[in-house]
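Participant: Build me a structure from this.
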Amino acid sequence: HRTRLSLRPATETMALAIASNTIVAKFTKKAPAKKAPVKKAAAKPISRGVKRQGNVGPNRTLWNGWEANPEPPAYLDGTLPGDAGFDPFGLSAPTEYLQFDLDALDGSAAINKSGNVIGKLKKVDNKPTERTIVPFNEAFDIVRFRECELQHSRWAMLGLLGAVVAEGQTGISWVDAGKVLNEQPSYLGFDINVPVTTLVWIEVLAMGFAEIKRSAELDSNKRCYPGGYFDPLGFASSASPEALFKLQTAELKHGRLAMIGMLGISIQALKNGLSPLEAINALGN
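Facilitator: Reported below is the predicted structural model:
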């Protein structure tokens, strides 16, 4: 009887051990590996060597001066006329601002910790917001740079053409035109009995009025392409969007060449004292 009593606890102990091992085995069984979520493939960027053509869109013709198959920066996406992906110094890159926390201002503390960087802010819109001479909030921005480039290119085209045509008609270099005008003001061969000082004031007031009127416009497109009286032949008003984009691109290309041309005749006159036509005639010598 004692033997029977001693075997019963041993049997129960063995059964409990087997049951506990089974429970542990069930709870420690490895879960099946979860399948990684399938990521959608991102749009592939245009690879180098792709055939590029045209003046608009991601497949437009690019140029940076030294690379056979250049890749444009992300902010030059081909939506602006004359965009060839050329910005080696990143001047047109979107401006990024650092956001700092407030400095500690505890008057009883020996040391006040300065605020750390808590985030970054990137300005995405730099459209004119107020009717002033400089209506842009950000000076270094592609919107303002494009407007400045367009204005300078138009003046360069007028100046370069005027310098060459005036010299061909009168024989007077554009460098010496001011001296002749100071002696006797004239226009198209007709003498003007108005002092040079008065002419300068008339020009300053006329240009100032035109610039104030332009600065009063808050539409970025109209600031660059006002139309109306500045499109007397109706090229812009009657053209399709694709044709208008080509005209705007052609204007910028001619303007860029004119700016380089004005720089060239200025250096030639400063270094060698030659006028544009004299410099051209001296090429063969």
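
Participant: For the stretch 151-285 of the chain, which segments count as helices?
Facilitator: All helices of the stretch 151-285 of the chain, identified by DSSP state H, counting those that start in this stretch, fall at 177-183, 196-215, 220-224, 235-238, 241-272, 276-281.

Participant: buried sites along the fifth one?
Facilitator: In this case it means helix 241-272. Of all the residues in helix 241-272, those buried under the rule 16 or more other Cβ atoms under 10 Å are 244-246, 248-249, 251-252, 255-256, 258-259, 261-262, 265, 268-269. Glycine gets a C-beta too; all of them are placed from N, C-alpha and C.

Participant: what do you get for the last one?
Facilitator: Buried residues in helix 276-281, counting neighbours by 16+ other Cβ under 10 Å, are found at residue 276.

Participant: so how far is it off the chain centroid?
Facilitator: Relative to the centre of its chain, helix 276-281 is centred 36 Å away, using Cα atoms, centre = their mean, to the nearest Å.

Participant: residues in contact with that helix?
Facilitator: By Cβ atoms under 8 Å, 6 or more residues apart in numbering, the surrounding residues in contact with helix 276-281 are 163-164, 167-168, 173-174, 265, 268, 272.

Participant: from the residues you listed, which is closest to residue 84?
Facilitator: residue 265 (24.7 Å; Cβ to Cβ).

Participant: pretty sure the closest one is touching residue 160, no?
Facilitator: Yes - taking contacts as Cβ atoms under 8 Å, residue 265 lies within contact range of residue 160: 7.3 Å.

Participant: TSV for the contacts of helix 276-281, including pLDDT and distance to residue 117?
Facilitator: Listed next are these as TSV, based on pLDDT from 0 to 100; distance: Cβ to Cβ, whole Å:
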residue	pLDDT	distance to residue 117
163	92	52
164	93	55
167	90	58
168	89	61
173	88	57
174	89	53
265	92	49
268	90	51
272	86	54
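
Participant: Of all pairs in these, which one is the farthest apart?
Facilitator: Of all pairs in the contacts of helix 276-281, the most separated under Cβ to Cβ is 168 and 272 at 19.4 Å.

Participant: So for residue 156, what's the pLDDT?
Facilitator: If you check residue 156, the pLDDT there is 96.

Participant: Now do the same contact list for it.
Facilitator: 255, 258-259, 261-262.

Participant: quick one, strands of the stretch 51-200 of the chain?
Facilitator: 96-100, 117-122, 186-187, 190-191 (DSSP state E, counting those that start in this stretch).

Participant: Under the pLDDT cut-off, which ranges of the protein? List them.
Facilitator: Applying pLDDT under 70 to the chain flags residues 1-58, 64-69, 121-126, 131-134, 284.

Participant: try 90 this time
Facilitator: Across the chain, the ranges flagged by pLDDT under 90 are 1-148, 166, 168-200, 208-243, 246, 271-275, 277-285.

Participant: mind checking how far residue 85 is from residue 75?
Facilitator: 10 Å (Cβ to Cβ, to the nearest Å).

Participant: picking that back up, need the helices of the stretch 151-285 of the chain in TSV (columns: distance to residue 145).
Facilitator: Putting those into TSV (distance: least, Cβ to Cβ, whole Å) gives the following:
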stretch	distance to residue 145
helix 177-183	31
helix 196-215	17
helix 220-224	12
helix 235-238	22
helix 241-272	12
helix 276-281	28
